[in-house]
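Participant: how does the following fold in three dimensions:
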Amino acid sequence: MGACRNTIADWIGLYEEGGLEKLREIGEPGPEPGQQSIPPTVMEDLKERLSKPEGPKQLQRDPAVAC
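Facilitator: Reported below is the predicted structural model:
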């Protein structure tokens, strides 16, 4: 079915609660529009740190250097 077994268990529970009408109440998957899992201030700090040379970019290997 392409769905996690926990999701299917949830669907069965909903069906047992209220039949097809209860299943029809399921919304679109994913977060609500505009919702972020990382608070905006933390996201800005993260973007700033990643843009600095001492960040992850410095950890990238030089393609000219052999393994």
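
Participant: residues near residue 14, how many?
Facilitator: Neighbour count for residue 14, taken as other C-beta atoms under 10 Å: 17. Quick note: C-beta positions are derived from backbone N, CA and C, even for glycine.

Participant: what about it, which SS state?
Facilitator: Of the three states, residue 14 takes helix under DSSP: H, G, I helix; E, B strand; the rest coil.

Participant: measure it to residue 46 for me?
Facilitator: 37 Å (C-beta to C-beta, to the nearest Å).

Participant: would you list the phi and psi of residue 29?
Facilitator: phi -70, psi 160 (degrees, to the nearest 10).

Participant: could I get the pLDDT score of residue 12?
Facilitator: On pLDDT, residue 12 comes in at 95.

Participant: likewise the one 10 residues further on?
Facilitator: On pLDDT, residue 22 comes in at 94.

Participant: and the nearest residue to it once chain neighbours are set aside, what does it touch?
Facilitator: Computed as C-beta to C-beta, 6 or more residues apart in numbering, the closest residue to residue 22 that is not its neighbour in sequence is residue 14, at 4.6 Å. Contacts for residue 14 (C-beta atoms under 8 Å, 6 or more residues apart in numbering) come out as 22, 23, 25, 26.
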